[in-house]
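S.K.: what shape does this take:
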Amino acid sequence: MNTRVFTAFCLLFFSVFVVSGRCLADASESYRRVRQEYDLLLASQQKQLYRDNWQRVIDNFDRFTANHPAHQRAPAALYLAGKASQRLYAISRRASDNEAAILFYQRLAENYPASNLADDALVLAAAALETHSNRPADAYRLYRQAVERYPDGDMITLARQGVKRLAAHAPAQRPPGASTPVMSKSTTPKPLSAGDSEQRRLLKIRHWVSPNYTRVVLEMNRSVAFSTGSLPGDPATGLAPRIYIDLPETLLDAGTVSPQAFEEGLLRQIRTARQADRSSRVVLDLAVASEFKAFALKDPERIVIDLTASKQQLRAPAPAAIRSLPPTKEDPIAQVLGSQVEEPAERVRIAESATNRLRRIVVDPGHGGKDPGAIGPRGTMEKDVNLALALELARRLRRELGCEVILTRDTDVYLPLEERTAIANRVGADLFISIHANASQNRSIRGVETYYLNFSSSERAAAVAARENGTSLQQISDLEMILFDLMANAKINESSRFAAEIQSSMVTGLQGHYSEVRDNGVRQGPFYVLLGATMPSVLVEAGYLSNPQDENLLRSRRYQERVADAIVAGVKKFAKDSRMIAHR
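M.R.: Now for the predicted structure:
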């Protein structure tokens, strides 16, 4: 080889080496940018409100793997695409998002079996199939693969538990040499008879209707991975716009089959039907195109759908006075409204010219009826304390502010948590105050605290939310994912200021008389009773029933009056700062 040829060969080799290194560096930089975008999304509650932000991150991870399949970060990109899809599913409840997560995890396990993420992917895909897709046989197969392929992996315990839990869904033994069926997205579950105790059923449909707000609640016997969608109307053919909710593998109880028609507001009718694939569909035929949000609640299982529309879209005007709504046996909200007493003359002048004047406050005594809430050492029931406090607060708000005050309950009756917020939304309340007394396993803990709707600020806040919701801490974690889709209209900033004013007033007003009252501060948490509220909303914990000293205070009429006075002072301060009421 002469010198010229050798030099050319060296230059070619060097060029290839440099180009390869540059490509590798470019790929690494590409992954870094995508990962940084994902991290920024997780750090921003505001960005998480929009589906496009999630989908862009998912697509970028997927594109990175397609462009750089041999890169060392390719398995991680598929893994994070699956995790992002799961997070999006927790917000959207669209079955397609859950399926996307499963497929990303399967691609990782199949294409990169030597990756240390492969066993994680198999177990996560199996869990998604088991929990959200109702495909236990497919879930069993993936759990089994994880056990057989990765006996020393860090997911082995969960994989073995899955195999044991779903053993009844193991496939029948096949003859030697028989091929294993390939799982696909269209895998059909085994038929279930209507008498099967495990069959999902839609038990009842409840609703609260007003001109510009409607809440529909689907009561289920078991949780279901529902999906939603909407279809535009066609004025030419008279076809109304509609929203539908699909419930896989769900039967309809007799009371849910007949259509329900409406004369005013956003809904024309609610219809139900069984589908050919053994799912059920609930259709909301709309009077006008409306925005909607849907989320699931636990214990009991139900799906809540909130409809809202702008004033220009309304079919009927709002009633001149709330108490003019006719009370009926079928409408517990109308019964509450019909029972309200006349208001005394106002003492604080309402600013008639203001666009955000304080007209109406809803006060919610927590628990009630079959739900006693916390119970103190002396047997004091929280539901009774809450009602006494709420009645006193309502009297003083009417007297001091001259605005309309509506109680969600004024007797010892049970109200589901979602019904309480529906009352406030339906009547167009300007403020919502839910009254409670706290409890803790540690009986030395005492004091007052005020909450607003947001992600849990601490484990203690999460525990309080779990107790008030009647759920577990794990379900609180699930609920916080739902919050991503509800934050935009939740009045978070106003609610936090409202909570701060009430907490400050309670501490100042009570410590002047009870030096032992402790200030536990303003906290945030995912409370069912505040979900979907369209006005500034807070949950007040007026003391700890589990603490003997606080229990004695909460039983005292004088303490109840002073708590009410303190809350009124907080409402006044917030309303004046928000220009809801005029200064004298």
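S.K.: shouldn't Asp371 be in contact with Lys383?
M.R.: Yes - assessed by CB atoms under 8 Å, Asp371 is found in contact with Lys383 at 6.7 Å. Every residue, glycine included, has its C-beta placed from N, CA and C.
S.K.: and those two? Which one has more around it.
M.R.: Neighbours were counted for Asp371 and for Lys383 using other CB atoms under 10 Å; Lys383 has more, 25 against 15.
S.K.: pLDDT-wise, which helix or strand of this protein ranks last?
M.R.: Every helix and strand in the chain was compared by mean pLDDT, DSSP states H and E; the lowest is helix 332-338, with a mean of 40.
S.K.: quick check: next helix or strand after that one?
M.R.: Per DSSP states H and E, the first helix or strand lying C-terminal to helix 332-338 is strand 360-365.
S.K.: which SSE is immediately downstream of that following strand?
M.R.: By DSSP H and E, the next helix or strand past strand 360-365 is helix 382-401.
S.K.: quick one: mean pLDDT for that next one?
M.R.: Confidence for helix 382-401, expressed as mean pLDDT, is 95.
S.K.: other SSEs contacting it?
M.R.: Contact analysis of helix 382-401 by 3 or more CB pairs under 8 Å, 6 or more residues apart in numbering; DSSP states H and E lists strand 360-365, strand 404-407, strand 431-438, helix 557-577 as its packing neighbours.
S.K.: highest mean neighbour count out of these?
M.R.: Mean neighbour count, computed with mean count of other CB atoms under 10 Å, is highest for strand 431-438 among these, reaching a mean of 28.
S.K.: list the buried residues of the helix or strand just after it.
M.R.: Using DSSP H and E, the helix or strand that directly follows strand 431-438 along the chain is strand 448-453. By neighbour count on 16 or more other CB atoms under 10 Å, the buried set for strand 448-453 is Val448, Glu449, Thr450, Tyr451, Tyr452, Leu453.
S.K.: about what we covered before: so which of the helices and strands packed on helix 382-401 comes closest to His68?
M.R.: Nearest to His68 among the helices and strands packed on helix 382-401 is strand 431-438; the distance by CB to CB comes to 51.5 Å.
S.K.: each with direction, which strands does the closest one pair with?
M.R.: Strand 431-438 sits in its sheet next to strand 360-365 (parallel), strand 537-544 (parallel), going by DSSP bridges.
S.K.: the inter-axis angle of the longest one versus helix 557-577?
M.R.: In other words, strand 537-544. On the basis of axes from the mean of the first three to the mean of the last three CA atoms, to 10 degrees, strand 537-544 is oriented at 150 degrees to helix 557-577.
S.K.: next SSE downstream of strand 537-544?
M.R.: Following strand 537-544 in sequence order, the next helix or strand is helix 548-555 (DSSP H and E).
S.K.: counting by contacts, list what that next one packs against.
M.R.: Other elements packing on helix 548-555 under the criterion 3+ CB pairs under 8 Å, 6+ apart are strand 537-544.
S.K.: quick one: which of the helices and strands packed on helix 382-401 is nearest Gly512?
M.R.: When the helices and strands packed on helix 382-401 are compared by CB to CB, helix 557-577 sits nearest Gly512, at 8.9 Å.
S.K.: okay if I get the helices and strands packed on helix 382-401 as JSON lines plus distance to Pro232 and mean pLDDT?
M.R.: Converted to JSON lines, these look like this (distance: least, CB to CB, whole Å; pLDDT from 0 to 100):
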{"stretch": "strand 360-365", "distance to Pro232": "34", "mean pLDDT": "96"}
{"stretch": "strand 404-407", "distance to Pro232": "36", "mean pLDDT": "95"}
{"stretch": "strand 431-438", "distance to Pro232": "33", "mean pLDDT": "94"}
{"stretch": "helix 557-577", "distance to Pro232": "41", "mean pLDDT": "95"}
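S.K.: save those as JSON lines, and put in distance to Leu286 too.
M.R.: Formatted as JSON lines, these follow (distance: least, CB to CB, whole Å):
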{"stretch": "strand 360-365", "distance to Leu286": "26"}
{"stretch": "strand 404-407", "distance to Leu286": "27"}
{"stretch": "strand 431-438", "distance to Leu286": "26"}
{"stretch": "helix 557-577", "distance to Leu286": "35"}
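S.K.: closest to Ala296 out of these?
M.R.: Of the helices and strands packed on helix 382-401, nearest to Ala296 by CB to CB is strand 431-438, at 20.9 Å.
S.K.: could you give the angle of the closest one to helix 548-555?
M.R.: 140 degrees.
S.K.: quick one, strands of the stretch 51-200 of the chain?
M.R.: Using DSSP state E, counting those that start in this stretch, the strands of the stretch 51-200 of the chain run over 200-210.
S.K.: so where's it shaky on pLDDT?
M.R.: 172-198 (pLDDT under 70).
S.K.: ok, residues contacting stretch 29-41?
M.R.: With CB atoms under 8 Å, 6 or more residues apart in numbering as the test, stretch 29-41 has contacts from 47-48, 53-54, 56-57, 60-61, 64, 67-68, 71, 73, 76-77, 80, 84.
S.K.: among the residues you listed, name the ones in helices.
M.R.: Asn53, Trp54, Arg56, Val57, Asn60, Phe61, Phe64, Asn67, Ala76, Ala77, Leu80, Ala84 (DSSP state H).
S.K.: returning to that earlier point: filter the contacts of stretch 29-41 down to the buried ones and express that as a PyMOL selection.
M.R.: Command for PyMOL, covering only those of the contacts of stretch 29-41 found buried under the criterion 16+ other CB under 10 Å:
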select buried, resi 47+48+53+54+56+57+60+61+64+68+71+73+76+77+80+84
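S.K.: can I see the domain layout of the protein?
M.R.: 24-169, 200-311, 357-577 (automatic domain parsing).
S.K.: what's the spacing between the last one and its chain's center?
M.R.: Spelled out, that is domain 357-577. Chain-centre distance of domain 357-577: 19 Å, with CA atoms, centre = their mean, to the nearest Å.
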